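Novice: make a model of this:
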Amino acid sequence: MTDLLKLPPAGDTPRKVADVVNQAVDAINYGQLQPRTVAELASEEKYLGRMFICTNETGGVVPVFCSATGTTGAWLRVTDRNVATT
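Specialist: Coordinates of the predicted model:
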């Protein structure tokens, strides 16, 4: 995984969280995130920090990241850290 896509630990300051959002936007602009639908995310292997661009999320197109490795992981929106849904 590149340094560009590393997430700050939970509880970090809003500035650090904003930095991650900005990094995700940069990754999108440079074509580094692969597009996935919410249904496709369900079949993706989960590991901490993995990111995609979700193309059919309820609020529109949004970068998502995996919150943990394995079955405890969830695909969260970078905008508000809620689970990606349709």
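Novice: doesn't Asn22 belong to a helix?
Specialist: Yes: assessed by DSSP: H, G, I helix; E, B strand; the rest coil, Asn22 belongs to a helix.
Novice: count the neighbours of it for me.
Specialist: Using other C-beta atoms under 10 Å, Asn22 is surrounded by 11 other residues. Quick note: C-beta positions are derived from backbone N, CA and C, even for glycine.
Novice: could you do Glu57 as well?
Specialist: With neighbours defined by other C-beta under 10 Å, the count for Glu57 comes to 22.
Novice: tell me the contacts of the residue nearest to it when sequence neighbours are not counted?
Specialist: Sequence neighbours aside, Ala84 is the residue nearest to Glu57 in space, at 5.0 Å (criterion: C-beta to C-beta, 6 or more residues apart in numbering). The neighbours of Ala84, taking C-beta atoms under 8 Å, 6 or more residues apart in numbering as the test, are 38, 41, 54, 57, 62, 64, 75-77.
Novice: if we go to 10 Å?
Specialist: 36-38, 41-42, 52, 54, 56-59, 62-65, 74-77 (C-beta atoms under 10 Å, 6 or more residues apart in numbering).
Novice: and what of Thr72?
Specialist: 46, 48.
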